[in-house]
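Asks: Sequence and computational prediction follow.
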Amino acid sequence: MSAQVYADVQQFYARQMNLIEGADADPDAWAETFTEDAVFEASGQERPETGRAAIRASVRAGVARIAAQGLDFRHWFGMLDVRPQPDGSLRTRYYALAMATPAGGALGVRGSSLCHDHLVPVGGGWRVRHRSVRADGTGATAPAAAPDGATG
């Protein structure tokens, strides 16, 4: 894998998460970073969100909840591992921290998770086809192997 592909994936995640943070949050644009048939699964969910419309509805509600609480909410992704697949897609594995700061208050870490994504190339960029978020301390395991043998 080239250094350029790795940098492009890092930039994709930076842009993606900035779309749901702060006063300029745009959950609709964030949802567009997923494929139409995407799956978003997270520990604590009763069932995965399937399809961009379901993902959009969920993130809209989350952004509204955070705004109503008056929090500055941030995400940090690190320890990114990118694995190119024979079909041109990518499998990624990374850690995520979710942090919130109330007005005039102290930063609080809201969650630490292990994430796996399946990214597919679309129009010179990337979209998420499948995202798995496993919160630390829940006993949740990594996602099952995909048909090509990769996880995520």
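Replies: On my side now, so go ahead.

Asks: Below-threshold pLDDT in this protein: ranges please.
Replies: Applying pLDDT under 70 to the predicted model, the residue ranges of the chain that meet it are 140-152.

Asks: How many neighbouring residues does V82 have?
Replies: 17 (other C-beta atoms under 10 Å). (Glycine included, C-beta is placed from N, CA and C.)

Asks: should've said R127
Replies: By the criterion of other C-beta under 10 Å, R127 has 20 neighbours.

Asks: For the closest residue to it other than its chain neighbours, give me phi and psi.
Replies: Leaving aside its sequence neighbours, R127 sits nearest to T35 (C-beta to C-beta, 6 or more residues apart in numbering; 4.9 Å). In this entry, T35 is assigned phi and psi values of phi -70, psi 160 (degrees, to the nearest 10).

Asks: same check, this time on the one 3 residues further on
Replies: The phi and psi torsions at A38 (degrees, to the nearest 10) take the values phi -60, psi 160.

Asks: got the contact list for it?
Replies: By C-beta atoms under 8 Å, 6 or more residues apart in numbering, the contact set of A38 is 50-52, 55, 127-131.
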